[in-house]
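Engineer: Sequence and predicted structure below; questions after.
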Amino acid sequence: MNPITCLFHVLFKGLAIAFYILSSLFFKYFAIHFVITVLLEALDFWVVKNVSGRILVGLRWWNEVSDQGESIWRYESLDQEELARLNKKDSWLFWWTLYLNAAAWVVLGIIAIIKFNFDYLLVVGVCVALSVANLIGFTRCRKDAKKQIQAYASQAVASHVASTIQSAFSVV
């Protein structure tokens, strides 16, 4: 288990949401509210994308723009043996907090709309964008990793069958 990584994986999410909810009690200036909430959510985005994603679930993603202006998604994952060694509780925490964070920001956005609090909807919009970007990136990365594992398994089976057939004919 990776308690420090898990702590920081959850910490910035919690701090961003808590600050968003509680800061109106302490600060009356929207700019302070916006800057600190978005900064905390940006720190969460960075920690999840570059640290906890690698350590807790063995995945990494990034997006590049080609010379032609096309967006290209890149994915990395640990090999099958290393993925099998990852802690299941860490993985569970990673995925649940990733989904819950995005859901919490959506709920806060709905509340901002109901309250006609459109300034704060801007804050929520940025936070939703950051959390959903990580959610989409890691979900695609996990699917890509599963495809790679399946391709590797298929290749290993095909190689084994081919070598068995070859050895059968070499005996004759």
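Structural biologist: Arrived safely, thanks for sending. Residues are numbered from 1 along each chain as shown.
Engineer: Find the residue closest to Lys13 in space, skipping its chain neighbours.
Structural biologist: In this structure, Lys13 finds its nearest non-sequential neighbour in Asn101, 4.7 Å apart by C-beta to C-beta, 6 or more residues apart in numbering. C-beta: built from backbone N, CA, C; applies to glycine.
Engineer: Low-confidence stretches in the protein?
Structural biologist: Of all residues in the chain, those with pLDDT under 70 make up the ranges 145-172.
Engineer: Recalculate using a threshold of 80.
Structural biologist: Applying pLDDT under 80 to the chain flags residues 1, 79-84, 142, 144-172.
Engineer: where do the helices sit along it?
Structural biologist: Using DSSP state H, the helices assigned to the chain run over residues 3-26, 30-47, 53-57, 80-85, 88-114, 118-171.
Engineer: How far does the fourth one sit from its chain's centre?
Structural biologist: Okay, so that is helix 80-85. Distance of helix 80-85 from the chain centroid (C-alpha atoms, centre = their mean, to the nearest Å) equals 19 Å.
Engineer: From the contact counts, what lies against it?
Structural biologist: helix 118-171 (3 or more C-beta pairs under 8 Å, 6 or more residues apart in numbering; DSSP states H and E).
Engineer: at 7 Å instead, please
Structural biologist: The helices and strands touching helix 80-85, judged by 3 or more C-beta pairs under 7 Å, 6 or more residues apart in numbering; DSSP states H and E, number zero.
Engineer: now the closest residue to Val38 other than its chain neighbours: how far from Gly109?
Structural biologist: The shortest distance from Val38 to any non-neighbouring residue, by C-beta to C-beta, 6+ apart, is to Val126 (5.2 Å). Distance of Val126 to Gly109, computed by C-beta to C-beta, to the nearest Å: 11 Å.
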